[in-house]
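Asker: Turn this into a structure:
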Amino acid sequence: MKRYRVAIVADFYLPQVGGLEVHMHDLARELTARGHHADIICVTPGGPDHDDFRVIRLPVPLAPFVQSIRDPKAIDALEKTLIAGKYDIIHAHNAFSPLAHVATYLAKKLGIPSIFTLHSVLRGYGSYLFRAIDQVFPWTQWPTILTGVSSFVAADLKQISGRNDIQVLLNATRVTDFPPSSQQEARVVTVMRCTKRKRPVDFVRMIPEVLARLPRGLWPKFTLVGDGPERPRAERIARRLGISEHIEFTGMLSRPAVRDILSRSSVFVLPSYLEALPIAVIEARSAGLPVVARIPNGVAEIIDHGINGLLAKNTEELVASVVTLLKDSMLRTKMALATREDLDRFTWQRSIERHERIYALAEEKHIIANRSSPSMSAPAPIDR
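Answerer: Okay, here's the model as predicted:
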């Protein structure tokens, strides 16, 4: 098997914490463990980094608030880094990362096979934005393999790009790292970056409605794990609603601490609905927690309604589903057992195998593009 030198590129990385940053870290770790050479290239300040792979933090000016690149200095810095790294593959991550788009542009310029992975839902304003960008910088016509972390977001990419060769690269986790939930505590938990997009306020506002529908003896503790700009607002609303005693805001926790809380919880809730394929839900399943989440989005590729969780079309159904699981201990136990089954496709072993096949396709596409005009020949679909 070929060993690749891979540049994993995005503006954002640890210590900023979210699904994208965690995924990039774990991807680099697992590629390295498989014998590949993986470097993460980002602009997020931080370090020192103590992993078995290298993190290259480009010292370039950043745009305020969003902390992404803001001027052409970043293009020059990234180009020099890519040339020096002698990479076989450039793997750029996420549509809302300007550095990722620069990376695919430079891959075309430098003649390096490339992959772009979408981690976000682009429906609505996002689709209009990226169609407009394509009119100026025709990124959809570049010889880059386009991938999404779920079929849901892959459909977004297909619609925006007009291409029929979109591949799926599912998110993954080390499912065996999670001890099964004891189900002894009545605890409803969510794990998120506290931004408007993730809707932490919705989680807070559902609490009095859930309590009102339950006898006092079944009242659970609610836990919100995570931090971000919306956390202070969520805490203020909890005080205004008079439910501060029923909810704890833990802030950002280490991954072992998150696993510990999941192991002491009984239901996991994801209130957001613009979800691609949330790692938090995969981890909740790995811990044996029934999941209540909003649809339509990528969560439906993780949760089978009525089997290992309940999927809600709106906030009212979300509340009703949580109440159902808290009232019905037999249903909750049945779903808890089912959540830990059929997780193989979300393991890193399967994920790295998919990545290796995608990298081989990127090389193939690169060769085809160099033989003739930039061909959009579609590679064979990847087995998920």
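Asker: Only C-alpha atoms, please: export the lowest-mean-pLDDT helix or strand in the chain in PDB.
Answerer: Among the helices and strands of the chain, helix 125-136 carries the lowest confidence by mean pLDDT, DSSP states H and E, at a mean of 75. In PDB, the C-alpha atoms belonging to helix 125-136 read as follows (Å, rounded to 0.1, in the frame of the first residue of the first chain):
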ATOM      1  CA  TYR A 125     -27.500  31.400   1.700                       C
ATOM      2  CA  GLY A 126     -24.500  29.100   1.600                       C
ATOM      3  CA  SER A 127     -25.400  27.700  -1.800                       C
ATOM      4  CA  TYR A 128     -25.900  31.100  -3.300                       C
ATOM      5  CA  LEU A 129     -22.600  32.300  -1.900                       C
ATOM      6  CA  PHE A 130     -20.600  29.500  -3.300                       C
ATOM      7  CA  ARG A 131     -22.300  29.600  -6.700                       C
ATOM      8  CA  ALA A 132     -21.300  33.300  -6.800                       C
ATOM      9  CA  ILE A 133     -17.700  32.400  -5.900                       C
ATOM     10  CA  ASP A 134     -17.600  29.800  -8.600                       C
ATOM     11  CA  GLN A 135     -18.400  32.500 -11.200                       C
ATOM     12  CA  VAL A 136     -15.200  34.300 -10.300                       C
END
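Asker: same for that helix, what does it pack against?
Answerer: Applying 3 or more Cβ pairs under 8 Å, 6 or more residues apart in numbering; DSSP states H and E, one finds that helix 125-136 contacts helix 151-161. Glycine gets a C-beta too; all of them are placed from N, C-alpha and C.
Asker: Give me the buried stretch members for the helix it packs on, please.
Answerer: 151, 152, 153, 154, 155, 156, 157, 158, 160, 161 (16 or more other Cβ atoms under 10 Å).
Asker: tell me which of those residues is nearest to residue 92?
Answerer: Lowest distance from residue 92 to the buried residues of helix 151-161 (Cβ to Cβ) belongs to residue 157, with 13.2 Å.
Asker: now that closest one: how far from residue 318?
Answerer: Distance of residue 157 to residue 318, computed by Cβ to Cβ, to the nearest Å: 28 Å.
Asker: Residue 70 too?
Answerer: Going from residue 70 to residue 318 by Cβ to Cβ gives 38 Å.
Asker: and residue 333, what is it in contact with?
Answerer: Applying Cβ atoms under 8 Å, 6 or more residues apart in numbering, we find residue 333 in contact with residue 183.
Asker: can you count the residues close to residue 321?
Answerer: 21 (other Cβ atoms under 10 Å).
Asker: Equivalent analysis for residue 120, please.
Answerer: Residues lying near residue 120 (other Cβ under 10 Å) number 20.
Asker: correct me, but it touches residue 275?
Answerer: No - using Cβ atoms under 8 Å, residue 120 is not in contact with residue 275; the gap is 9.2 Å.
Asker: Which parts of this protein are strands?
Answerer: 5-9, 37-42, 54-57, 89-93, 114-118, 144-148, 167-168, 187-191, 221-225, 247-251, 267-270, 291-294, 309-312 (DSSP state E).
Asker: So in that sheet, which strands flank the second one, and in what orientation?
Answerer: Paired neighbours of strand 37-42 in the sheet (DSSP bridges): strand 5-9 (parallel), strand 54-57 (parallel).
Asker: just the shortest one next, same as before
Answerer: The sheet places strand 167-168 alongside strand 144-148 (parallel), with pairing taken from DSSP bridges.
Asker: what comes into contact with the partner strand?
Answerer: Residues from elsewhere that reach strand 144-148, judged by Cβ under 8 Å, 6+ apart: 92, 104, 107-108, 113-118, 140, 154-157, 161, 163, 165-169, 276, 358, 361-362, 365, 379.
Asker: quick one: that strand to strand 89-93, angle?
Answerer: 40 degrees (axes from the mean of the first three to the mean of the last three Cα atoms, to 10 degrees).
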